[in-house]
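Trainee: below are the sequence and a predicted model; questions follow.
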Amino acid sequence: GVYLAGGCRPGGFVVCAYDPDMVPLPGWTFPPAAGPIAASDAAVFAAERVPPSWVRVTRLDPDTGVALPWAAPEIRGSLPQLHSLEVAGNTLYLGGDFLDLNGQPRTRLAAVDATSGTPTS
């Protein structure tokens, strides 16, 4: 599939999904997005802004856009921003302006297990 974050649907900044021929995937739920996205064969990862001042990463089913169960990483700081997400193997890397990941000190770069959401050492 092809996954895009942007104003591809009415109602704001969302994640949209298409097959390789750029036909919208049927049933995709168009979740909101607040920054970068990354995809693997098993999931699509998207940043979501949560008021008042933190960012959460959601794990979505690549065929439907439905949220998959996992311990969603929460990124905090004075004005946290997530600038990049990258999946390598079973690790999701997060980069941006932040100081904390799930209550653990992490400055600008963090990694979590892509299946569970648990921060790595």
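Mentor: Sure, I can see it.
Trainee: what's the residue nearest to Leu60 when sequence neighbours are not counted in contact with, if anything?
Mentor: Of all residues not flanking Leu60 in the chain, Val44 sits nearest, at 4.4 Å (CB to CB, 6 or more residues apart in numbering). C-betas here are computed from N, CA, C, even on glycine. Val44 sits next to 3, 15, 17, 37-38, 59-62, 65 when contact means CB atoms under 8 Å, 6 or more residues apart in numbering.
Trainee: so where is the chain shaky, pLDDT-wise?
Mentor: Along the chain, the model assigns pLDDT under 70 to residues 7-13, 34.
Trainee: quick one, strands of it?
Mentor: For the chain, the strands defined by DSSP state E cover 2-6, 14-18, 37-39, 44-50, 54-60, 74-76, 81-88, 91-97, 100-101, 104-105, 109-113.
Trainee: and which of the contacts of Val44 is nearest Asp100?
Mentor: Taking CB to CB as the measure, Asp100 lies nearest Arg59 of those, at 19.8 Å.
Trainee: what's the distance between that closest one and Ala38?
Mentor: Using CB to CB, to the nearest Å, Arg59 is found at 10 Å from Ala38.
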